[in-house]
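> Any chance you can model this:
(one chain, ligands or ions: 1)
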Amino acid sequence: SLVEGVENILNLQAKLESDASNKYLAMAAWLDRNGYANTASYLYKQAEEEREHFLKIFKFITDMGGIAITPSVPEVQQEFASFKEVFEIALQNEIAVTQAINKVIAKCRAENDYATEDFMMWYVAEQREEEKNARRALELFDLINGNEADGKFQLDVQISKIG
Ligand code: OFO
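Prediction:
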């Protein structure tokens, strides 16, 4: 079973993962309509992955005898100033998710909830990867001149191969 404080913070984390999925979906759509078809596919996949992260927590809460709350769907950013800005925001979002995960784990420790701590360790490893991938995408913007059409094309191809 779950203590109330852990159940609440897990529901918050589930909502954050659900929001992350919608944010990636909006990014994927922006990329798609601006011609970045390969990177769009990459972020559509990220949106699916975040949906899985959400469901995994949602089901865990239920499995532990808690009440899993279906999160509301807030507005997300639909327009971006540039191709690069998409990844700057993606990295910021991933860092915020990592910090939230750390808070969940701190709460588990405070409550001696080692089962949930063990469950959350998967997310720690996952976030390490996702932050690394977002940083790699931003590195590619420094390495490839995206001001030219060919550079944009190269970026689109190379970013979609990350991870
Ligand atoms: Fe990348 O947010 Fe899930 O864990």
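> does the closest residue to residue 1 other than its chain neighbours count as helix, strand or coil?
Take residue 1 and drop its neighbours on the chain: the residue closest to it by C-beta to C-beta, 6 or more residues apart in numbering is residue 65, 4.6 Å away. (Glycine included, C-beta is placed from N, CA and C.) Secondary structure state of residue 65, per DSSP: H, G, I helix; E, B strand; the rest coil, is coil.
> From residue 53, how far out is residue 65?
For residue 65, the distance to residue 53 (C-beta to C-beta, to the nearest Å) stands at 21 Å.
> Have a look at these two and say which one is more surrounded.
residue 53 (24 against 9; other C-beta atoms under 10 Å).
> With residue 87 as the reference, measure out to the more buried one.
Residue 53 sits at a distance of 19 Å from residue 87 (criterion: C-beta to C-beta).
> go on, residue 116?
From residue 116 over to residue 87 the distance is 32 Å, taken as C-beta to C-beta.
> do the same with residue 61
Counting by C-beta to C-beta, the gap from residue 61 to residue 87 is 32 Å.
> Tell me which of these two has more neighbours.
The neighbour comparison of residue 61 against residue 87 (other C-beta under 10 Å) goes to residue 87, with 25 against 20.
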